[in-house]
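Asker: What follows is a predicted structure for the sequence shown.
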Protein chains: 4
Amino acid sequence: MVIVMKASASNKDVKGIEQALADLELGVHISKGSERTIIGVIGDKRILANTPLELMPGVDRIVHIVEPYKLVGRVFKPENTLLDIKGTQIGGKQISIMAGPCAVESEEQIFTTAHYLKSKGVKILRGGAFKPRTSPYSFQGLEEEGFKLLATAGKETGLLVISEVVSTRSLELAAKYIDIVQIGARNMQNFSLLKEVGRMKIPVMLKRGLSATIEEWLNAAEYIMNEGNYQIILCERGIRTFETYTRNTLDLSSIPIAKDLSHLPVFADPSHGTGSWRLVTPMSRAAIAAGADGLMVEVHPKPATALSDGPQSLNLESFTALLDDIRGIAQILGRDL
Amino acid sequence: MVIVMKASASNKDVKGIEQALADLELGVHISKGSERTIIGVIGDKRILANTPLELMPGVDRIVHIVEPYKLVGRVFKPENTLLDIKGTQIGGKQISIMAGPCAVESEEQIFTTAHYLKSKGVKILRGGAFKPRTSPYSFQGLEEEGFKLLATAGKETGLLVISEVVSTRSLELAAKYIDIVQIGARNMQNFSLLKEVGRMKIPVMLKRGLSATIEEWLNAAEYIMNEGNYQIILCERGIRTFETYTRNTLDLSSIPIAKDLSHLPVFADPSHGTGSWRLVTPMSRAAIAAGADGLMVEVHPKPATALSDGPQSLNLESFTALLDDIRGIAQILGRDL
Amino acid sequence: MVIVMKASASNKDVKGIEQALADLELGVHISKGSERTIIGVIGDKRILANTPLELMPGVDRIVHIVEPYKLVGRVFKPENTLLDIKGTQIGGKQISIMAGPCAVESEEQIFTTAHYLKSKGVKILRGGAFKPRTSPYSFQGLEEEGFKLLATAGKETGLLVISEVVSTRSLELAAKYIDIVQIGARNMQNFSLLKEVGRMKIPVMLKRGLSATIEEWLNAAEYIMNEGNYQIILCERGIRTFETYTRNTLDLSSIPIAKDLSHLPVFADPSHGTGSWRLVTPMSRAAIAAGADGLMVEVHPKPATALSDGPQSLNLESFTALLDDIRGIAQILGRDL
Amino acid sequence: MVIVMKASASNKDVKGIEQALADLELGVHISKGSERTIIGVIGDKRILANTPLELMPGVDRIVHIVEPYKLVGRVFKPENTLLDIKGTQIGGKQISIMAGPCAVESEEQIFTTAHYLKSKGVKILRGGAFKPRTSPYSFQGLEEEGFKLLATAGKETGLLVISEVVSTRSLELAAKYIDIVQIGARNMQNFSLLKEVGRMKIPVMLKRGLSATIEEWLNAAEYIMNEGNYQIILCERGIRTFETYTRNTLDLSSIPIAKDLSHLPVFADPSHGTGSWRLVTPMSRAAIAAGADGLMVEVHPKPATALSDGPQSLNLESFTALLDDIRGIAQILGRDL
């Protein structure tokens, strides 16, 4: 931590800071520049987390030098995290694809999709049962019934299943049926939920919030890991910007950045990230080319009748074509699909 | 709802839409322009909420005409909502001030503040007990102990108390101690929590999310009201933009807009909305001048030792001066403080 | 300037930086923390502006301590700048109002407006002659004819006139007719134009760009002042955010901030800042309450027939009512209208 | 164009609109829904561009159906535009690479780079001579001397050269030396400059503005084309968002969108788009995978001594490796490098 003093700060102000830090058993390094004095703080700065040094006389601002997260960072664990979920590996050489409908709607829908995905070599089936919807009048999901259908389809086909949780109750239900739980963008800073997922030690995919910086996203993962759950996948799914042509702006640069700062696997979700099925194929290719460890893609046997987010779902034919493109790009990067 | 067809749409495409809508017992109004055909949909469009018309052949895009919320809207209830919480009115001619520390820290801190506020005519005491913090290593609040201290201070001084809830558990505790619960920006779309607050029928202040549009904010309020809770206060507290000088950008235009679209009282929180105590006074004045029904302001007897958000708290002297300014501006707008 | 080294940086890396800076005749202050080494640079850092230290081995990032602008800053000139333009003062105790139509359309329109404004005590008449429009098919302004009409109306009524310039050619014309030129948001970083306005030493209002940080805005003013033109007014006119209900988000917090960082007068333009005449009155009041030195407001005798931006113009009656509100708020802040 | 009436609009209001449109010789199509009346306007809506219908009694809002640009749109010209600049084709099957230093600094620097690029099969050399810099105290470029060096290097190696213009003066100079002029992000809505480039009919690359929507970007291209210049390349170079880890957020989804809406070639600039050389390689791969027709990449023989934007420049070895990746991805998409 570096304390930048005001141009008008007096020697007394500097002494005051020095004393305050000494009281906290922290050392200082004072650097008098031609225009400003800068104070470097030496020692464990965590004890300063709750001390508003900005308010001391003469202080202009505080510059944080060390990132606030620890367990999820590369400094703490330099090598990539490789997850092994019931024999399926995530975060290694192989690209992982999670696919399926936005919402689980019926037995037929989810079984048709599951068998199709299985035939294409996909290993993880997605499907929403608890749907966070902007309006209370939109379809809110089949809830426990949806989890059950997903679990049955997973068992029959040998696919892992992933589904979103939105509350303690849905999390407890998910633990009975689901292999990987998902924390959605709107709940990325629902810290109560993060802590509970951390304590349950169930594999989790943490989506980036609509207005979350990369640092906040990693801090949210830190909440989970701090409770002892190390099985975390990060997923970029678009941020909110001024552009209205797409539902969100898929920030693909966050993928190489998150992989540089953290050892966790990083996925992309081009379906929610764009809101338009026409963009899913080019942005899926781009995500893999940018270094993503996997994709979450919405696929629906009949998008035009989907009860949720049909406009952003690929049909089965488009999805098959996409897999071919992805396979080629993966090989160029020395990876497999 | 208006369906805009592509320039290349055929008559068959238009007939297809007409048929699909007829199947749902909806009428159409077809308008052939020189470049595009536009189809107006007649009937209760709520049955279309789950039908992705965008995917039908020839459709370019869908334009929604009617706002998705209903109960919180002025069309549904044209006159202002006036809340009466244990005899204190909110949303009427009188401006309401909620003030107090970011976090409840100790008996001395909260009692000093409460007595001081009481002496200045303030009627509502704020104080956080469950604190949503970006990092798991920051002070997370005194939890139930914080609620208790707040309730005791409220009882002793006759002030109403408001505090944030972040989960079912904290909500159940709050119901025992707190007069008005607050849903923070990060939980604005925590729909599980919104529904529970709706069912509990406890007065609630709903803060606007960091990246929430005004329409999404009103939709979040609709979740609460749809469960039968009509005692809702909206609170603008800054949105996330590219500007880094302030923690958030306090969007004061949302105040007259929300008051135009909805009948609910609208407050502003210039402390979180700016992140700097130096800006709290000018932005508080501005919020009232823009038509806010009240303010939530962080006040701390000793900001420099606060355990949370000290840099954005006013000390008691600055707060007193602010009240004088607010009183004058309120009178110009025909209101009281 | 502070150089933050990587956690993995070696002693050799630190020596390398030290040597590189010594070659530039700059001193260093090395501070070894428990996790990172930080290097403070001593001397005139302007010679580093073109040296990419970020690329040297072991460097994590550079933190700038001193703001990049100088002449426009409070450190350089602590007292407020008071402009005197042909006897009219701007930036002092008195609030200044600039009002008039978005575009000069006809002699009748501009003379009606000018006489009306004069009768209300307004001192500056605005009117666009060169209009930067998003589409080439929209009305582009009367150009020189517009400047002439404005100048004649100004002469007849004794009002100062302000109008936008968009190029060297329009600037040269403006110098013949106009008292204050305006650089619009889209040209805030048109550095060629800024330099020319600087050299001409004509009073100028510099609007904040749609996506400009406050620091970039002050840097743009520095371009003008660096050429010798000290007669600069800053004007907040809304930034671009995700919210679509308003055309822009008027960032009123930029007013107290810009006034704190700079000695220049700061205005607000609630007409462009919101895009809706309904919001002009509340946001004008709010801007003055936030500390603005003046307003630029679009007023049109018949908004419904305006050739440009009618929807954001006040009619004459609404404008008169606004002036009364502003007068009251100004008095509370110890100012006059 | 569709006019949405307020819920409270009367029959008289609707008649008023009908009459106003009839006066402009426009027809209407009135659609009475259960909650709102909607009026479709029939005829050439361009005559409405300057009529603020929003202000007529009973009108809630106007919804534009047809995009405002024409010449640059796919409706006007369905097939891709293929540019041929002195024998080099842009926008066809072959991916184009523009590479070189941010700023032209010296004969040695530009010749070393040019020969190297030539040896790698690159066909277009970039280099800045007029540099728009945030601060007036940063290096502003060699100006005409830079153009000359670039032209000489181009002649010696047979490379085309591209460089930015920032004003009429620099444009006139560029016409003597440069093959393709570039309009930078900050000048995307410098309409005077756009018109002049349009009239000169010199090939031009138009970068997307930092806060420009895709529609505004296409409208800016329309300004150029409307003056008769059809040789336009669009270039995505990052938009401004809340994320501060990157200088800008490279919005790769704009590439498939712009290519869908317009017939013009679309490039990406990952150097400015990210601000960090570490991200240039992954984001270049991603841009090609998303469908870009070419890249503009900053390459410098010695990034650590560059006078401008060194931190975002690749050195020659990294650039060579990048070309190999791009070649592979291009082939998967059925294209060549």
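Answerer: Okay, I see it. Numbering: from 1, shown residues only, chains lettered A, B, ... in the order given.
Asker: What helix or strand is A:Ile38 located in?
Answerer: A:Ile38 is located in strand A:37-42, with elements delineated by DSSP states H and E.
Asker: Partner strands of the next helix or strand after that strand, with direction?
Answerer: Scanning the chain past strand A:37-42 towards its C-terminal end, the next helix or strand to appear is strand A:59-63 (assignment: DSSP H and E). Applying DSSP bridges, strand A:59-63 is found paired with strand A:2-5 (antiparallel).
Asker: does any part of the helix or strand following the partner strand sit near chain B?
Answerer: Where DSSP H and E defines the elements, the next helix or strand beyond strand A:2-5 is helix A:11-23. No. Counting by Cβ under 8 Å from any Cβ of the partner chain, chain B has no neighbours in helix A:11-23; the shortest distance is 9.2 Å. All C-beta spots, glycine's among them, are computed from the backbone N, C-alpha and C.
Asker: Wondering if helix A:11-23 reaches chain C at all.
Answerer: No. Counting by Cβ under 8 Å from any Cβ, no contacts exist between helix A:11-23 and chain C, the nearest distance being 12.8 Å.
Asker: Just the CA atoms of that helix, as PDB, please.
Answerer: Included here for helix A:11-23 are C-alpha records, laid out as PDB according to Å, rounded to 0.1, in the frame of the first residue of the first chain:
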ATOM      1  CA  ASN A  11       5.700  17.500   7.900                       C
ATOM      2  CA  LYS A  12       3.300  17.200  10.800                       C
ATOM      3  CA  ASP A  13       0.800  15.400   8.600                       C
ATOM      4  CA  VAL A  14       3.500  12.900   7.500                       C
ATOM      5  CA  LYS A  15       4.600  12.400  11.100                       C
ATOM      6  CA  GLY A  16       0.900  11.800  12.000                       C
ATOM      7  CA  ILE A  17       0.600   9.000   9.400                       C
ATOM      8  CA  GLU A  18       3.900   7.500  10.600                       C
ATOM      9  CA  GLN A  19       2.700   7.400  14.100                       C
ATOM     10  CA  ALA A  20      -0.700   5.900  13.200                       C
ATOM     11  CA  LEU A  21       1.000   3.100  11.300                       C
ATOM     12  CA  ALA A  22       3.500   2.600  14.100                       C
ATOM     13  CA  ASP A  23       0.600   2.100  16.500                       C
END
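Asker: In that helix, which residues are buried?
Answerer: Under the neighbour-count criterion of 16 or more other Cβ atoms under 10 Å in any protein chain shown, helix A:11-23 has A:Asp13, A:Val14, A:Gly16, A:Ile17, A:Ala20, A:Leu21 buried.
Asker: quick check: angle from the top helix by length along chain A to helix D:316-332?
Answerer: With DSSP state H applied, the helix covering the greatest number of residues in chain A is identified as helix A:316-332. With axes from the mean of the first three to the mean of the last three Cα atoms, to 10 degrees as the criterion, the two stretches helix A:316-332 and helix D:316-332 enclose an angle of 150 degrees.
Asker: and helix A:316-332, anywhere near chain B?
Answerer: No. Residues of helix A:316-332 contacting chain B under Cβ under 8 Å from any Cβ: none, with a closest distance of 12.2 Å.
Asker: Remind me what that helix packs against, helices and strands.
Answerer: Helices and strands touching helix A:316-332, by 3 or more Cβ pairs under 8 Å, 6 or more residues apart in numbering or on different chains; DSSP states H and E, are strand A:96-100, helix A:277-289, strand A:294-298, helix D:316-332.
Asker: Just give me the closest of the buried residues of helix A:11-23 to D:His263.
Answerer: When the buried residues of helix A:11-23 are compared for distance to D:His263 (Cβ to Cβ), A:Ile17 wins out at 62.0 Å.
Asker: can you give me the helices in the stretch 51-200 of chain A?
Answerer: Secondary structure of the stretch 51-200 of chain A (DSSP state H, counting those that start in this stretch): helices at A:107-119, A:144-157, A:168-177, A:191-200.
Asker: Please work out which of these is packed deepest.
Answerer: Burial of these is given as mean neighbour count (mean count of other Cβ atoms under 10 Å in any protein chain shown); helix A:191-200 ranks first at a mean of 22.
Asker: Identify the residues contacting stretch A:326-336?
Answerer: For stretch A:326-336, contacts defined as Cβ atoms under 8 Å, 6 or more residues apart in numbering or on different chains pick out A:93-95, A:97, A:284-285, A:288-289, A:291, A:295, A:337, D:285, D:289, D:325, D:328-329, D:332.
Asker: Can you select the buried ones among these for me in ChimeraX?
Answerer: One line in ChimeraX is enough to select the buried ones among those; burial here means 16+ other Cβ under 10 Å:
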select /A:94,95,97,284,285,288,289,291,295,337 /D:285,289,325,328,329,332
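Asker: thinking again about what came up before, so can I have a markdown table of the helices and strands packed on helix A:316-332 showing distance to D:Ile239?
Answerer: What follows is the helices and strands packed on helix A:316-332, written out as a markdown table (distance: least, Cβ to Cβ, whole Å):
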| stretch | distance to D:Ile239 |
| --- | --- |
| strand A:96-100 | 28 |
| helix A:277-289 | 16 |
| strand A:294-298 | 23 |
| helix D:316-332 | 23 |
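Asker: can you tell which of these is closest to B:Thr51?
Answerer: Proximity to B:Thr51 (Cβ to Cβ) singles out helix A:277-289 among the helices and strands packed on helix A:316-332, at 15.7 Å.
Asker: right, quick check: that closest one against chain D, any contact?
Answerer: Yes. For helix A:277-289 and chain D, the contact criterion (Cβ under 8 Å from any Cβ) is met by A:Arg278, A:Leu279, A:Pro282, A:Met283, A:Arg285, A:Ala286, A:Ala287, A:Ile288, A:Ala289.
Asker: Closest to chain B out of those residues?
Answerer: Ranked by distance to chain B (Cβ to the nearest Cβ), the residues of helix A:277-289 next to chain D are led by A:Arg278 at 10.5 Å.
Asker: need the contact list for that closest one.
Answerer: With contact set as Cβ under 8 Å, 6+ apart, A:Arg278 has these partners: D:Pro256, D:Asp260.
Asker: what does the model give it for pLDDT?
Answerer: Per-residue confidence for A:Arg278 comes out at a pLDDT of 92.
Asker: do A:Lys45 as well
Answerer: Here, the pLDDT recorded for A:Lys45 equals 69.
Asker: same check, this time on the one 3 residues further on
Answerer: What the model reports as pLDDT for A:Leu48 is 73.
Asker: ok, it touching A:Met1?
Answerer: Yes. Because the distance of 6.5 Å satisfies Cβ atoms under 8 Å, A:Leu48 is recorded as touching A:Met1.
Asker: shared neighbours of those two, which are they?
Answerer: Counting by Cβ under 8 Å, 6+ apart, the residues touching both A:Leu48 and A:Met1 are A:Val41.
Asker: can you list the residues of the stretch 101-250 of chain A near chain B?
Answerer: Within the stretch 101-250 of chain A, the positions near chain B by Cβ under 8 Å from any Cβ are A:132-139, A:166-170, A:186-187, A:189-193, A:209-211, A:216, A:219, A:222-223, A:226, A:240.
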